[in-house]
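Novice: return atomic coordinates for the entry below.
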Amino acid sequence: MHHSSQGMFKNNILSKSFNLEVFKSTIAILTIFFLLVVGSRFVSYFEQASEGTLDPSIIFYAVLLRFPDFISLLIPLSFFLGILITVSRLYADREIYAYFSTGIAPINLAKFIFPQALIFALGAFLLSFYLAPSGKEISNDLLKIDTFEEQILSLEPGEIYLFKNSSGFITSEGREGLNLNNVIFFNQFNEDSLLISSSSLNIDKLDEEYDLSFKKGTMNSNLFSKDGRVFSTFGIFNFRIDEKSSTSGQVLGDYFNTQNTTLSSEFQWSLSFSMAVFILMFMAVYLGKVEPRKGRLSVILPGMFIYILYFSLLLLGKDYASQNINTNFNLGFIHLVFGLFALVLFLRDKYFMLIPSRGILSFQSLLIILFILCMILIGVIL
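Specialist: Reported below is the predicted structural model:
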């Protein structure tokens with residue numbers, strides 16, 4: 001077999017091995033983080049349900065609708081850590097020299113996993129642009145669907161509860177179940193208004209309506225009407241309100257019908273996931289290098305620092321762009337800064353024999369420079 005053919009054959013074997021190890025690490029990390037995020041959401045929602053502020057039957061649907069959002073957010077981080085862990089293990093176990101002996105440089109490792117990065121980037125974009133915004137919006141709407149009864153049961157003394165279907169509110173000084181003490185009730189439809197102050201209020205549920213029975217109080221009606229105000233006292237006064245709320249099935253039925261109103265902002269944010277996958281891929285190949293006598297996981301801390309800095313800036317930039325529609329600021333500026341940082345790491349590694357790696361080109365110095373540039377970007381954004 002010709003030497004060039006042997007080299008290509010070895011490269012193919014090493015490429016498949018490297019790809020497989022990165023893929024397995026990425027999927028494992030993604031699964032762990034996903035289960036942690038989903039578990040924390042379930043705990044948070046069940047805690048609200050135990051307090052009576054959330055219907056337990058909608059928790060599963062609310063979390064399920066957020067799956068695309070969770071996965072798209074976790075893909076860049078998982079892929080980044082998957083490469084970091086794989087590369088650092090190769091250096092720590094000296095297996096990396098099997099790659100170098102065949103003429104493979106660190107940049108070739110990035111080329112090996114580029115098709116895999118393309119798949120993850122495309123998946124993150126599709127999830128974050130087409131499914132995540134709709135799922136997040138519908139999930140939030142679903143969590144806001146609280147019945148009048150649930151809100152009364154969660155009403156604390158002195159707290160004001162605003163009605164959903166009219167301009168009104170109710171507040172009390174104490175509560176025992178659905179019985180309230182020292183109640184102030186206000187409700188308004190157009191010019192018709194009703195203000196009631198009573199010593200107690202009993203609430204009975206009748207299908208989709210609630211029968212409110214006030215005892216010993218005063219009533220003021222037509223407060224804002226041109227016909228004049230009406231004032232009276234009463235021993236017992238009954239009042240009925242109607243509350244119609246959407247069900248989880250109706251909400252789920254609208255999942256694929258929700259339109260994004262902020263298309264440009266959402267497109268930039270979704271595209272950021274794909275761009276971040278490629279930039280983080282190139283950085284991880286060089287950040288994963290472990291010096292002799294250092295642990296293989298010593299690169300995780302600086303890697304996480306860079307990732308948190310990266311996505312914190314993206315979140316700030318997204319909020320700034322959404323609040324300032326006519327701004328010239330683009331999330332591409334943030335990607336450019338970290339892309340240049342990846343380029344510096346590439347040049348530092350490629351020409352390490354010609355350019356000293358100490359002084360301004362030491363890794364610590366590069367991190368400080370990156371941090372200063374990010375602080376300047378934050379100043380521009382804020």
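Novice: only alpha carbons, please: show stretch 289-308 as CSV.
Specialist: Only the C-alpha atoms of stretch 289-308 are listed here, as CSV (Å, rounded to 0.1, in the frame of the first residue of the first chain):
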residue,chain,number,x,y,z
LYS,A,289,-4.5,21.3,25.5
VAL,A,290,-3.3,20.1,28.9
GLU,A,291,0.2,20.9,30.0
PRO,A,292,2.3,18.1,31.6
ARG,A,293,1.6,17.4,35.3
LYS,A,294,-1.8,19.0,35.1
GLY,A,295,-5.1,17.3,35.5
ARG,A,296,-7.2,16.6,32.4
LEU,A,297,-10.1,18.6,33.8
SER,A,298,-8.0,21.7,34.5
VAL,A,299,-9.2,23.2,31.3
ILE,A,300,-12.9,23.1,32.3
LEU,A,301,-12.8,26.1,34.6
PRO,A,302,-11.3,28.6,32.1
GLY,A,303,-13.5,27.1,29.4
MET,A,304,-16.7,27.6,31.5
PHE,A,305,-15.5,31.2,32.2
ILE,A,306,-15.3,31.9,28.5
TYR,A,307,-18.6,30.3,27.8
ILE,A,308,-20.5,32.2,30.5
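Novice: packing partners of the helix or strand where Asn181 lies?
Specialist: In this structure, Asn181 sits in strand 179-189 according to DSSP states H and E. Secondary-structure packing of strand 179-189 (3 or more C-beta pairs under 8 Å, 6 or more residues apart in numbering; DSSP states H and E): strand 169-176, strand 192-206, strand 209-221. The C-beta positions use only the backbone N, C-alpha and C, and glycine is treated the same way.
Novice: 7 Å - rerun?
Specialist: strand 169-176, strand 192-206 (3 or more C-beta pairs under 7 Å, 6 or more residues apart in numbering; DSSP states H and E).
Novice: residues of that strand that come out buried?
Specialist: 180, 183-188 (16 or more other C-beta atoms under 10 Å).
Novice: export the helices and strands packed on strand 179-189 to JSON lines and tack on mean neighbour count?
Specialist: Conversion of those to JSON lines gives the following (neighbours: other C-beta atoms under 10 Å):
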{"stretch": "strand 169-176", "mean neighbour count": "16"}
{"stretch": "strand 192-206", "mean neighbour count": "16"}
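Novice: out of those, nearest to Leu316?
Specialist: Nearest of these to Leu316, taken as C-beta to C-beta: strand 169-176 at 35.9 Å.
Novice: please work out which residues outside that closest one touch it.
Specialist: 155, 157-163, 180-186 (C-beta atoms under 7 Å, 6 or more residues apart in numbering).
Novice: what are the pairing partners of it, and which direction each?
Specialist: If you go by DSSP bridges, strand 169-176 pairs up with strand 161-162 (antiparallel), strand 179-189 (antiparallel).
Novice: CA atoms only for it - export them in CSV, please.
Specialist: Extracted as CSV, the C-alpha positions of strand 169-176 are listed here (Å, rounded to 0.1, in the frame of the first residue of the first chain):
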residue,chain,number,x,y,z
PHE,A,169,-60.0,43.8,42.0
ILE,A,170,-60.7,42.1,45.4
THR,A,171,-58.8,42.3,48.6
SER,A,172,-59.4,41.2,52.2
GLU,A,173,-57.8,41.3,55.7
GLY,A,174,-58.2,37.5,56.3
ARG,A,175,-59.2,34.2,54.7
GLU,A,176,-60.5,30.8,55.7
